[in-house]
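Colleague: Below is the sequence, then the predicted model.
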Amino acid sequence: MTGTTSAHADSNNTATSLPLWPAPYAKEPVNATVTVPGSKSLTNRFLVLAALADGPSRLRAPLHSRDSALMIQALRQLGATVTEVPGEGRFGPDLEITPLDPAAAGAETAIDCGLAGTVMRFVPPLAALRNGVTVFDGDPHARKRPMGTIIEALIALGVPVAADGGRTPSALPFSVEGTGEVRGGHLIIDASASSQFVSALLLVGARFSEGLHLEHVGKPVPSLDHITMTVEVLRSVGVMVDDSVPNHWRVSPGPIRAFDQRIEQDLSNAGPFLAAALATGGTVRIPNWPAGTTQVGDQWRSILTAMGAEVTFQDGTLTVTGGPEIMGADFDETSELAPTVAALCALASGPSRLTGIAHLRGHETDRLAALVAEINGLGGDAEETADGLVIRPAALHSGVVHSYADHRMATAGAILGLAVEGVEVEDIATTSKTMPEFPQMWEAMLQRTEDASDHDEASN
Ligand SMILES: O=C(O)C1=C[C@@H](OP(=O)(O)O)[C@@H](O)[C@H](O)C1
Ligand SMILES: C=C(OP(=O)(O)O)C(=O)O
């Protein structure tokens, strides 16, 4: 980290100075083997389920990052016990969780959601099942993220949700008044702004006395892979879910079985490392790539192939080798992979179009606006469309990539910096949202290049 800083206005328009990280420029093709920390989406789903389970559970090789720490803290405040125990994961201890007791009366508590969508959407329905008042707030930008659907859903379920002065809120901050019991039944929501609204309600639905029949009405639900993940995770702990009718999910009431679960590595966070193979014309290997998974990051195999890489999967290792150039391509519904894809598109020799990602405007920042501003700030040619981006080839030059407190904007800047000399990424520490080890791992990936060594000492 240099002592350089960038003058910047945060989402409250307060002038701030954030450190600039000189993104390593790759003088030669990378040749590295990389293991990444556990999946954010799986870790935080299993943490919620452990808090509602019928006995103590264990998470093996979970993610340890800001988003998982915020979830753990929230569950502790609601009455669950979460204890770190030694494990075999290389990125931190395992977790043992003793569930919360909904009948126990709890004092009013204030939960910090940070900027974590999984905390701000998954925990309020859980608080509805607790006996007591829970207040929710988060980072300045968290107050701008879509929350209306989850608030309206809780109110429709008979759970009081209020903001200051007793008005009905449409965003953070707000309080949830739980009584320890929710009847459930048929609930209609509009989940077009985020799949997390569906996941949040499904995760707790089995603990509603009548279960839950959730119906979506409105524009299509985005990030459907994440709902499939929720359904599969629920089934793995004995919850019956019927998702046979599109836009309807039926969760039967019943216990959530305590579990001992190993968390897959985060395939979305594997993305920037795999992208490094294309950005430098080198090779990156990721061992322990799951043979079957519900993670959206499994799409890297087809995405990177379409961009001209050679992708092989053998003996559990995914190997990606970049070609002499990156090919532009069209991609629909890349969800949380989009910033990484966009960075590669900005380095491509042909045009690309990303569609089906309008809802990225409600992510950690307005990602469509941020990607256009930062790619064009380096001399690129990116344009926002109604539901995505068009990115055309252009010669890029040095400059600062602003990260907007968004971990995936910061890693997109790092990818650009591999191929463009003199890129500085503002606030690289924001990667701690899901991968605190990112800057060290990125530099280690390049050092291995210089050493011509491709060995990773340990695997997850
Ligand atoms: O449920 C989850 O774990 C997630 C769902 C998706 O949210 P959206 O549906 O809002 O895109 C994804 O982008 C986010 O990173 C994680
Ligand atoms: C959209 C994302 O996060 P969140 O879980 O905060 O919605 C993301 O990680 O890309």
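Modeller: Done, it's in. None of these values were measured; they are calculated from a predicted model. Ligands and ions are numbered 1, 2, ... in the order given.
Colleague: residue in the stretch 251-400 of the chain nearest to ligand 2?
Modeller: Glu336 (3.5 Å; Cβ to the nearest ligand atom). Where C-beta positions appear, they are placed from N, C-alpha and C, glycine not excepted.
Colleague: Same question for the chain.
Modeller: Gly117 (2.4 Å).
Colleague: What are the neighbouring residues in contact with that residue?
Modeller: Counting by Cβ atoms under 8 Å, 6 or more residues apart in numbering, Gly117 touches 145, 194, 196, 363.
Colleague: switch the cut-off to 7 Å
Modeller: Gly117 makes contact with 145, 194, 196, according to Cβ atoms under 7 Å, 6 or more residues apart in numbering.
Colleague: swap in Leu212?
Modeller: Leu212 is in contact with 184, 187, 201, 205, 251, counting by Cβ under 7 Å, 6+ apart.
Colleague: which residues touch the residue lying closest to the second one once chain neighbours are set aside?
Modeller: It refers to Leu187. Counting by Cβ to Cβ, 6 or more residues apart in numbering, Leu214 is the residue found nearest to Leu187 once chain neighbours are left out, at 5.5 Å. Contact partners of Leu214, counting by Cβ under 7 Å, 6+ apart, are 187, 189, 198, 201-202, 249.
Colleague: and ligand 1, which of those contact it?
Modeller: When Cβ under 6 Å from any ligand atom is applied, no member of the contacts of Leu214 is adjacent to ligand 1.
Colleague: quick one: secondary structure of the residue lying closest to Trp442 once chain neighbours are set aside?
Modeller: Leaving aside its chain neighbours, Trp442 sits nearest to Ala414 (5.7 Å; criterion: Cβ to Cβ, 6+ apart). Three-state call for Ala414 (DSSP: H, G, I helix; E, B strand; the rest coil): helix.
Colleague: Need the per-residue pLDDT for Ala414.
Modeller: pLDDT, Ala414: 98.
Colleague: I'd say it and Pro272 touch.
Modeller: Yes. Between Ala414 and Pro272 there is a contact under Cβ atoms under 7 Å: 6.3 Å.
Colleague: so how many other residues sit close to the residue of the stretch 251-400 of the chain found nearest ligand 1?
Modeller: In the stretch 251-400 of the chain, the residue that lies nearest ligand 1 is Glu336 (3.7 Å; Cβ to the nearest ligand atom). Close neighbours of Glu336, defined as other Cβ atoms under 10 Å, add up to 25.
Colleague: which residues does it contact?
Modeller: So Glu336 contacts 268, 296, 408 (Cβ under 7 Å, 6+ apart).
Colleague: Let me have the residues you listed in JSON lines, adding secondary structure as columns.
Modeller: Formatted as JSON lines, those follow (three-state DSSP):
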{"residue": "Ser268", "secondary structure": "helix"}
{"residue": "Val296", "secondary structure": "helix"}
{"residue": "Arg408", "secondary structure": "helix"}
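Colleague: Same list (these) but as TSV, adding pLDDT, neighbour count and distance to ligand 2.
Modeller: Putting those into TSV (pLDDT from 0 to 100; neighbours: other Cβ atoms under 10 Å; distance: Cβ to the nearest ligand atom, whole Å) gives the following:
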residue	pLDDT	neighbour count	distance to ligand 2
Ser268	98	25	7
Val296	98	22	10
Arg408	98	31	5
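Colleague: in the stretch 201-350 of the chain, what residue is nearest ligand 1?
Modeller: Proximity of the stretch 201-350 of the chain to ligand 1 (Cβ to the nearest ligand atom) peaks at Ser223, 3.3 Å away.
Colleague: Quick check: pLDDT value at that residue.
Modeller: On pLDDT, Ser223 comes in at 96.
Colleague: what's around it, how many residues?
Modeller: Neighbours of Ser223 (other Cβ under 10 Å): 24.
Colleague: circling back to that earlier point, select from the contacts of Leu212 every entry located in strands.
Modeller: 187, 251 (DSSP state E).
Colleague: Farthest-apart pair in the contacts of Leu212, please.
Modeller: Greatest spatial distance in the contacts of Leu212: Leu187 and Val251, 10.6 Å, computed using Cβ to Cβ.
Colleague: of those two, who's got more company?
Modeller: Shown here are Leu187 and Val251; by other Cβ under 10 Å, Val251 has more neighbours (25 against 18).
Colleague: Isn't the more buried one up against Asp243?
Modeller: No. Judged on Cβ under 7 Å, Val251 makes no contact with Asp243 at a distance of 9.6 Å.
Colleague: and the residue nearest to Trp442, what does it touch?
Modeller: By Cβ under 7 Å, 6+ apart, the residues touching Ala414 are 23, 272, 425, 442.
Colleague: What about the residues you listed, which are in strands?
Modeller: Mapping the contacts of Ala414 onto strands (DSSP E) picks out Val425.
Colleague: Reformat the contacts of Ala414 into CSV and put neighbour count and pLDDT next to each item.
Modeller: Converted to CSV, the contacts of Ala414 look like this (neighbours: other Cβ atoms under 10 Å; pLDDT from 0 to 100):
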residue, neighbour count, pLDDT
Ala23, 25, 98
Pro272, 30, 98
Val425, 29, 98
Trp442, 25, 98
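Colleague: Determine the number of other residues adjacent to the residue nearest to Met240 when sequence neighbours are not counted.
Modeller: Once flanking residues are discounted, Met240 sits nearest to Ser252: 4.0 Å by Cβ to Cβ, 6+ apart. Applying other Cβ under 10 Å, we find 13 residues neighbouring Ser252.
Colleague: Perfect, I'm done here.
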